[in-house]
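**Q** my questions concern the predicted model and sequence given below.
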Amino acid sequence: MRLGLAVVVAIAIGYVPGQILRRDPRVAKLNTQIDQLETEARELAAGNAALFREIDALRSDVGAIENRARADLGMVYPDEVVLQVRRGGP
């Protein structure tokens, strides 16, 4: 009898708080926030991986270094001719 009562009480203790938490709107809001933060973390991890690949390329690939110097610093070879095209305006 005591064992049966102990089992019933143990089940009630485990079941009732779970039911209360599932109905609590704060739990749903927190779960939504967790999902959003996990999505943001995955996006940041992907961005970090891209940056690490770029760093690796800049350390080892001469072509990547040249492209970066041309794009960011406007560098050209001494014998190159640079033409700037302006769009719109008078």
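**A** Perfect, thanks for sending it.
**Q** low-confidence ranges, this protein, go.
**A** Scanning the chain with the threshold set as pLDDT under 70 gives 13-22, 89-90.
**Q** phi, psi of R70?
**A** phi -70, psi -50 (degrees, to the nearest 10).
**Q** count of residues packed around it?
**A** 13 (other C-beta atoms under 10 Å). No exception for glycine: its C-beta is placed from N, CA and C like everyone else's.
**Q** and if you look at A41?
**A** 10.
**Q** distance of it relative to D61?
**A** 29 Å (C-beta to C-beta, to the nearest Å).
**Q** also G47?
**A** 20 Å.
**Q** so for those two, which sits in the more crowded spot?
**A** More neighbours surround D61 than the other of G47 and D61, with 13 against 10 (other C-beta under 10 Å).
**Q** next, the more buried one: phi, psi?
**A** According to degrees, to the nearest 10, D61 has phi -110, psi 120.
**Q** repeat that for P78.
**A** Here is the backbone geometry of P78 (degrees, to the nearest 10): phi -60, psi -30.
**Q** which residues in this protein form helices?
**A** 2-23, 25-60, 62-73 (DSSP state H).
**Q** let me know the angle separating the last one from helix 25-60.
**A** Angle of helix 62-73 versus helix 25-60, following axes from the mean of the first three to the mean of the last three C-alpha atoms, to 10 degrees, is 110 degrees.
**Q** how near is R86 to R53?
**A** 34 Å.
**Q** so for those two, which residue has more residues nearby?
**A** Neighbours were counted for R86 and for R53 using other C-beta under 10 Å; R53 has more, 11 against 5.
**Q** and the helices of the chain: which comes nearest E80?
**A** Among these, helix 62-73 comes nearest to E80, with 9.8 Å by C-beta to C-beta.
**Q** elements contacting that closest one?
**A** helix 25-60 (3 or more C-beta pairs under 8 Å, 6 or more residues apart in numbering; DSSP states H and E).
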